[in-house]
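A.B. asks: My questions are about this predicted structure, shown below with the sequence.
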Amino acid sequence: MIDIGEARAYVLARCPAATAIAVPCREATGLVLATPVVAAEDVPPFANSAVDGYAVVADSVATATDSAPVELPVVGEVAAGAFTDRVLKSGEAIRIMTGAPVPAGADAIVMVEDTERIDNGERVAIRRSTSAGAAVRPRGDDVQAGTALYPAGTLVSPAVAGVLASVNAATVHVIPRVRVAVLSTGDELIDDGSPLQPGQIRESNRTMLLGLVRAASCDAVDFGVVRDDEAELERVLHQAAVECDAIVTSGGVSMGDYDVVKAVLSRIADMRWMQIAIRPAKPFAFGLLGAGGRNVPVFGLPGNPVSSIVSFELLARPALLQMMGHVALDRPLVQAIADGGLPRRPDGKTHYVRVFAKFGADGRVHVASVGSQGSHQLAATSLANAIAVVADGDGVQPGAPVPTMLLSVG
Ligand code: AMP
Ligand code: MG
């Protein structure tokens, strides 16, 4: 058995980031920047009003109060998207809307709530004094042209994409989404809804893995269920390698397996068959399958559904993220409190116990086992939102801390 760290290092060393492509910033969300972005423009591009109100010279309304308002003539109006070349003089007001350019000469905006229209809007009573700069958003107040905004490796969130649009970074260089082929192997697997014949089971890993692949923000391509037939498996794997950037298979990698997956992959790809000191998901295979001058990573996950998901989490997901340029490959790891304890026996393996995590009144993350921990019991695992990492030994006492990978908490 090898250590999970060794398995992971082996996999990550063979899954480099893909080549960058140029995409419109609108399509960059969820992808990682391949080159730094420097702001080409100021945001906002001109000084503008933060409120609906009146542009004034602050000094000219210095005495304004509720009981003794200052009355000014309204000499113009400017809406968002419009512009006035009228230069405001001290003692005048220009009606202005949020986002409209501050007229030359004005140095403050009085919000409409502090004013009163008089003479049909020809004049305005200002009921509150103001100071220079009030309610004015200066040019470049958000972003200044020339600023280094985002380094390479930045994950483009929706807000980052918005900023890219705001500085006119219309096209950005990103690492593209990885296209991942997903297939299941096994003569016992049925996925067409027909009545089960003796020995048959419903296929479920593919449905789960397609979702896990998509949740990792890859493009998932369904290659179906492949029978335990060498020629057929070889054909499907070759097609997957040609059409996709990575392949995820489930089934056929354990010790006692009928040898089809092993036989075929050993022959056509450069594989490493691993026994990892973890539970579940001890058997795992990884290799590179050559196709058209490219090396396509193959993740051979075990068939037991819980092993399959844990294997994906620990080995395939970080590798796929790395292929998409991500720097942070791991789920957040917190020291959680094991409310009910997580007992186990020493067996030389690290146990990945599926738990439900929630924030306690003490502000800490608390975890409790979701129940059945068998590698075939996907129903219990489907209720987990975290995985407690229980080191070899006798387990975790009730109330004791346990390192926990958060899959989702909220
Ligand atoms: P294997 O890794 O092929 O030896 O399979 C281990 C166990 O997982 C067996 O009980 C299989 O029937 C089951 N299994 C394998 N593939 C799938 C799948 N795609 N969906 C559900 N169960 C599976
Ligand atoms: Mg099988």
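C.D. replies: Cool, got the structure. Because the structure is predicted, anything quoted here is derived from the model rather than measured. Ligands and ions are numbered 1, 2, ... in the order given.

A.B. asks: So which bits of the stretch 301-410 of the chain are right by ligand 2?
C.D. replies: Selection of the stretch 301-410 of the chain residues close to ligand 2 by CB under 5 Å from the ion yields Gly303. Heads up, the C-betas are built off the backbone N, CA and C, glycines and all.

A.B. asks: Where does the residue nearest to Val306 when sequence neighbours are not counted sit: helix, strand or coil?
C.D. replies: Excluding the flanking residues, the one nearest Val306 by CB to CB, 6 or more residues apart in numbering is Ser375, at 4.5 Å. With DSSP: H, G, I helix; E, B strand; the rest coil as the basis, Ser375 sits in coil.

A.B. asks: Ser375 against Ser311, yeah?
C.D. replies: No: the criterion here is CB atoms under 8 Å, and Ser375 misses it with Ser311 at 10.3 Å.

A.B. asks: So between the two, which is more surrounded?
C.D. replies: Counted by other CB atoms under 10 Å, Ser375 and Ser311 do not tie: Ser311 has more neighbours, with 30 against 19.

A.B. asks: Which pLDDT value goes with that one?
C.D. replies: Listed pLDDT for Ser311 reads 98.

A.B. asks: now swap in Met255 and tell me
C.D. replies: On pLDDT, Met255 comes in at 75.

A.B. asks: Pairing-wise in the sheet, spell out the partners of the nearest residue to it once chain neighbours are set aside.
C.D. replies: Nearest residue to Met255 in three dimensions, chain neighbours excluded: Pro283, at 6.6 Å (CB to CB, 6+ apart). Beta-bridge pairing of Pro283 under DSSP bridges involves Gln275.

A.B. asks: Quick one: residues contacting Pro283.
C.D. replies: For Pro283, the contact set (CB atoms under 8 Å, 6 or more residues apart in numbering) comprises 253-255, 273-276, 302, 307.

A.B. asks: residues in contact with the residue of the stretch 251-400 of the chain found nearest ligand 2?
C.D. replies: When scored by CB to the ion, the stretch 251-400 of the chain has Gly251 as its residue closest to ligand 2, at 3.8 Å. Contacts for Gly251 (CB under 8 Å, 6+ apart) come out as 184-186, 189, 205, 257, 261, 301-303.

A.B. asks: Narrow these to those in helices?
C.D. replies: Using DSSP state H, the members of the contacts of Gly251 that fall within helices are 205, 261.

A.B. asks: Kindly reformat the contacts of Gly251 as JSON lines containing neighbour count.
C.D. replies: Listed next are the contacts of Gly251 as JSON lines, based on neighbours: other CB atoms under 10 Å:
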{"residue": "Ser184", "neighbour count": "26"}
{"residue": "Thr185", "neighbour count": "27"}
{"residue": "Gly186", "neighbour count": "22"}
{"residue": "Leu189", "neighbour count": "22"}
{"residue": "Asn205", "neighbour count": "29"}
{"residue": "Asp257", "neighbour count": "17"}
{"residue": "Val261", "neighbour count": "26"}
{"residue": "Leu301", "neighbour count": "29"}
{"residue": "Pro302", "neighbour count": "24"}
{"residue": "Gly303", "neighbour count": "23"}
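
A.B. asks: for ligand 1, what are the nearby residues on the protein?
C.D. replies: Applying CB under 6 Å from any ligand atom, we find that the chain lies next to ligand 1 at 184, 186, 188-189, 201, 203-206, 250-252, 254, 257, 302-305.

A.B. asks: so who does the closest residue to Leu342 other than its chain neighbours touch?
C.D. replies: Once flanking residues are discounted, Leu342 sits nearest to Val396: 4.2 Å by CB to CB, 6+ apart. Contacts of Val396 were listed using CB under 8 Å, 6+ apart, and they are 338, 341-343, 388, 390, 402.

A.B. asks: try 10 Å
C.D. replies: Val396 sits next to 336-338, 340-344, 351, 353, 367, 388-390, 402-403 when contact means CB atoms under 10 Å, 6 or more residues apart in numbering.

A.B. asks: just Met255 next, same as before
C.D. replies: By CB under 10 Å, 6+ apart, the contact list for Met255 reads 273, 275, 282-283.

A.B. asks: Turn the residues you listed into CSV, including pLDDT and distance to Ser217.
C.D. replies: Putting these into CSV (pLDDT from 0 to 100; distance: CB to CB, whole Å) gives the following:
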residue, pLDDT, distance to Ser217
Trp273, 96, 29
Gln275, 96, 30
Lys282, 97, 28
Pro283, 96, 27
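
A.B. asks: Just the buried residues of those residues.
C.D. replies: Neighbour-count burial within the contacts of Met255 applies to 273, 282-283; the criterion is 16 or more other CB atoms under 10 Å.

A.B. asks: Pull the most distant pair out of the contacts of Met255.
C.D. replies: Trp273 and Lys282 (11.6 Å; CB to CB).

A.B. asks: and the helix or strand where Ile109 lies, C-alpha only, in PDB?
C.D. replies: Secondary structure from DSSP states H and E places Ile109 in strand 108-111. Taking C-alpha atoms only, strand 108-111 is exported to PDB below (Å, rounded to 0.1, in the frame of the first residue of the first chain):
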ATOM      1  CA  ALA A 108     -20.600  68.700  -4.500                       C
ATOM      2  CA  ILE A 109     -24.000  67.100  -5.000                       C
ATOM      3  CA  VAL A 110     -26.900  67.700  -2.600                       C
ATOM      4  CA  MET A 111     -29.200  64.800  -2.500                       C
END
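
A.B. asks: tell me the average confidence for the helix or strand that that strand is followed by?
C.D. replies: As assigned by DSSP H and E, the chain's next helix or strand after strand 108-111 is strand 115-118. Here strand 115-118 scores 98 as its mean pLDDT.

A.B. asks: Show me the helices in this structure, by range?
C.D. replies: 4-13, 158-166, 205-215, 230-243, 260-268, 305-311, 317-323, 378-381.

A.B. asks: Quick one: mean pLDDT for the third one?
C.D. replies: Which is helix 205-215. Mean per-residue pLDDT for helix 205-215: 98.

A.B. asks: and what of the fifth one?
C.D. replies: The average pLDDT within helix 260-268 is 95.

A.B. asks: helices or strands next to that helix in the packing?
C.D. replies: Packing contacts for helix 260-268, counted by 3 or more CB pairs under 10 Å, 6 or more residues apart in numbering; DSSP states H and E, involve strand 179-185, strand 219-226, helix 230-243, strand 246-250, strand 270-275, strand 283-291, strand 294-301.
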